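**Student:** After the sequence you'll find the predicted model.
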Amino acid sequence: MLRTAVRQWMQDSNAHSVEIRLASLCSLLAGLLLRNRVASSVFLAAVPIGTIIFATWSEYSVRRWSVPFRKGARGGLALGSTIVPLLLVAACSCAETHKARNLGALYYYICLLSVCSLVSMISTVCWLAPPPNHYGLVAFSSVLLSAVGYGFLPDIMPSFWWLLLPVWTYMVVTAVLFSMLPQSFSAGEGVIVSQAIFLLFFDVGLHTIRRLGVLDVPRIFVYSRGTVPLACEVLVAYALLVGVFIVWPWQSMSSSPPRVLQSLVSSTQRWSSVIWLAIVTSAIFFLLPWLQLVMNVSIVIWLFQFLLSPTRLILLAYWLVCLVVAGVIVIRGHSQRKQIAADKWQLMVARKKFHLLAVAIYVPGLLLDQEMMMLASGIAMCTFIILEYIRALRIWPIGAQLNVYLLSFVDGRDSGTAILTHIYLLLGFALPCFAYPLSHFRSAPKLATYAGVLALGFGDAAASLCGMKWGRRQWPRMDKTVEGTLASVVVQLVVCYCLYMLDSHLSAMSMQSWCLVAAAVVAGSLMEAFTGQVDNLVLPPYLFSLLVLIKNTY
């Protein structure tokens, strides 16, 4: 079977090998540059080696799954299993550089997600076994790898069960995600989203339990964090819980309602009114107390004091203008939907307008007030997720209209139940702010905080538009062009220079540092050219990690 897998992989596009090599090399760089030897060993043992050993076999195995993956998507399991642990290593490197204390939680999360990544790859191979056996093989591999991970961090890990039970929980989260949103992810995208959701709930759940005082939380999880990042975690977690406990159960009941609820859900408007009431009620009686609990402040007073600043009020007014512009773009695009759908160039231009609009939103926010930018990103993410529930279920009165307007801008990557590329775009721009929070380290911003702006706002847009307009030479067995990749590299380097001219906090760089920045930009552009995953989800954390980890750039 291994011979068959290798033969099949060799017959496939070279994109698999390039994507895997880029992910593996960056992972090895992360492990080597992480100052803590134990965490470095864990990362080197779990992710890069596992990627190299199981990538060929797992990519072949994914094709034989009955899971409804996104149409036309390659597996991408190797890259998907690497991105989130790589981002955590970069965040840990930030913390170590600024001599932050209590890094035990970050080391624990690196080890935990490294084991989860390796179990994800091994499970694809185990799935080729007969049905009675593959569950046992997955369970055995998770126990074995949890034991190995616990052996790497015996002083930090609370106990063996603190590694094994979360790994099993992660596997359940992955299965639920693919079942609830069929044809919305490739294998790699599903792993990235599953790990992000799992880590979000695990972290905010532990902090909530500690604040409630109902259970004793291990000491490594007792560490200080910024108020704004914590508020954003709660907002996004609440938005996800709305879908699990409010929207989807009502959708299942509306399809075959019991007699007791027959009169309640007899009409679409009445059923939708119940959902709106549940969302508003949960926001008032669940979200606000939850925020007040974890932040340990009065939300109204804190928000008033937070916004009571001339700079933040000006930013808020400017962002409202940007929202109006976005609305105009959406309405105009909807009126031209037939022309856009018939012309790939017009569809590309219409989609990239939102990338440039995100640049117009994030660059002033990062230059003037990163904390304000983080809070706005958390609120926007919460709103986008809830609006996607409303659109997907056509909840009256705006669900059907949202669906019609968004369908004017979708391409083949949004062929599943959920339309996620706009959420990925927001996530890609916002992630560097949270991975390198200025409010926590109390230092000047670095180039890495602009990774989303560089990768998506300029690099991806330049590669797509220039490649489609002037591209002549295609990469082997890919629809991306060499000219588009070169345009992406040049534009990102020019933007880097402009950022150093605009942002007085960015320190001057030597020629050696510029060469390393150029190497990181080239690697990110090659990832854009060869990856089969959604660019908005993969490129920003990859470029951010490279910019943080390369020598003398941080």
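**Tutor:** Received it, and whenever you're ready, just let me know what you need.

**Student:** Tell me who's in contact with R473.
**Tutor:** T481, V482, E483 (CB atoms under 8 Å, 6 or more residues apart in numbering). (Each C-beta comes from the backbone N, C-alpha and C, glycine too.)

**Student:** Pretty sure the last one sits against K469.
**Tutor:** No. Under the criterion of CB atoms under 8 Å, E483 is not in contact with K469, lying 9.0 Å apart.

**Student:** Quick check: which ranges of the stretch 401-550 of the chain have low pLDDT?
**Tutor:** Confidence mapping of the stretch 401-550 of the chain against pLDDT under 70 gives the ranges 437-445, 504-509.

**Student:** The residue lying closest to L177 once chain neighbours are set aside: how many residues sit nearby?
**Tutor:** Among residues not flanking L177 along the chain, S194 sits closest, at 5.3 Å (CB to CB, 6 or more residues apart in numbering). Applying other CB atoms under 10 Å, we find 24 residues neighbouring S194.

**Student:** What's the separation between S194 and V173?
**Tutor:** Per CB to CB, to the nearest Å, S194 is found 5 Å from V173.

**Student:** Also R270?
**Tutor:** Separation of R270 from V173 (CB to CB): 33 Å.

**Student:** Looking at those two, which is more packed in?
**Tutor:** Using other CB under 10 Å as the criterion, R270 and V173 rank with V173 on top: 18 against 12.

**Student:** Wait, that one touches V193, no?
**Tutor:** No. Using CB under 8 Å, V173 is not in contact with V193; the gap is 9.4 Å.

**Student:** can you pull out the strands in the stretch 301-450 of the chain?
**Tutor:** Read by DSSP state E, counting those that start in this stretch, the stretch 301-450 of the chain holds no strands at all.

**Student:** re earlier: put the buried members of the contacts of R473 into a ChimeraX selection.
**Tutor:** With 16 or more other CB atoms under 10 Å as the criterion, this ChimeraX line picks the buried residues out of these:
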select :481,483
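
**Student:** could the contacts of R473 be laid out in a markdown table, adding secondary structure?
**Tutor:** Output for those, formatted as a markdown table (DSSP: H, G, I helix; E, B strand; the rest coil):
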| residue | secondary structure |
| --- | --- |
| T481 | strand |
| V482 | helix |
| E483 | helix |
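
**Student:** Can you lay out the contacts of R473 as TSV showing distance to L431?
**Tutor:** Below are the contacts of R473 laid out as TSV (distance: CB to CB, whole Å):
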residue	distance to L431
T481	27
V482	28
E483	29
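
**Student:** quick one: low-confidence ranges for the stretch 1-150 of the chain?
**Tutor:** Along the stretch 1-150 of the chain, segments meeting pLDDT under 70 span 1-67, 72-75, 95-102, 124-135.

**Student:** Mind doing that once more with 50?
**Tutor:** Regions of the stretch 1-150 of the chain meeting the criterion pLDDT under 50 cover residues 1-2, 5-13, 35-41, 43-45.

**Student:** list the buried ones in stretch 145-163?
**Tutor:** Judged by neighbour count (16+ other CB under 10 Å), stretch 145-163 contains these buried residues: L145, S146, V148, G149, Y150, F152, L153, I156, M157, W162, L163.

**Student:** for the helix or strand containing the fifth one, packing partners?
**Tutor:** In this assignment (DSSP states H and E), Y150 forms part of helix 131-152. Using 3 or more CB pairs under 8 Å, 6 or more residues apart in numbering; DSSP states H and E as the contact definition, the elements that helix 131-152 packs against are helix 37-46, helix 104-126, helix 161-180.

**Student:** Counting neighbours, which bits of the longest one end up buried?
**Tutor:** Read it as helix 104-126. Within helix 104-126, the residues scored as buried using 16+ other CB under 10 Å are 104-126.

**Student:** and what of stretch 379-390?
**Tutor:** Using 16+ other CB under 10 Å as the test for burial, stretch 379-390 gives A380, M381, C382, F384, I385, I386, L387, E388, Y389, I390.

**Student:** And the helices in the stretch 301-450 of the chain?
**Tutor:** With DSSP state H, counting those that start in this stretch as the criterion, the stretch 301-450 of the chain has helices at 310-335, 337-342, 344-368, 370-392, 399-407, 421-435, 438-441.

**Student:** M381 contacts V236, doesn't it?
**Tutor:** Yes. In this structure M381 lies within contact range of V236 using CB under 8 Å: 5.3 Å.

**Student:** of all the buried residues of stretch 145-163, which two lie farthest apart?
**Tutor:** Farthest-apart pair in the buried residues of stretch 145-163 is L145 and I156; separation 16.8 Å (CB to CB).

**Student:** ok so, going back, a markdown table for the buried residues of stretch 145-163, including distance to I329?
**Tutor:** Shown next, in a markdown table, are those (distance: CB to CB, whole Å):
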| residue | distance to I329 |
| --- | --- |
| L145 | 47 |
| S146 | 48 |
| V148 | 51 |
| G149 | 47 |
| Y150 | 51 |
| F152 | 50 |
| L153 | 49 |
| I156 | 48 |
| M157 | 49 |
| W162 | 48 |
| L163 | 47 |
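
**Student:** Can you tell me which of these comes closest to G188?
**Tutor:** Using CB to CB, the buried residues of stretch 145-163 come closest to G188 at L145, 19.7 Å.

**Student:** so what's that closest one up against?
**Tutor:** L145 is in contact with A46, V115, L118, V119, I122, V167, counting by CB under 8 Å, 6+ apart.

**Student:** Now do whatever helix or strand G190 lives in, average pLDDT.
**Tutor:** Assigned by DSSP H and E, G190 belongs to helix 187-212. Helix 187-212 comes out with an average pLDDT of 89.

**Student:** Can you name the residues in contact with the helix or strand following that helix?
**Tutor:** Later in the chain than helix 187-212, the nearest helix or strand by DSSP H and E is helix 227-242. Residues outside helix 227-242 that contact it (CB under 8 Å, 6+ apart) are 197, 200-201, 203-204, 207, 279, 282-283, 286-287, 290-291, 294-295, 297, 302, 371, 374-375, 377-379, 381-383, 385-386, 389, 434, 437, 439-440.

**Student:** Could you pull out the buried residues of helix 227-242?
**Tutor:** 227-240, 242.

**Student:** Tell me the spacing between W302 and L77.
**Tutor:** W302 is 42 Å from L77, by CB to CB.

**Student:** How about F198?
**Tutor:** According to CB to CB, F198 and L77 sit 16 Å apart.

**Student:** of the two, who's got more company?
**Tutor:** When neighbours are counted by other CB under 10 Å, F198 and L77 differ, and L77 comes out ahead with 27 against 23.

**Student:** what's the closest non-adjacent residue to the more buried one?
**Tutor:** Among residues not flanking L77 along the chain, A187 sits closest, at 4.7 Å (CB to CB, 6+ apart).
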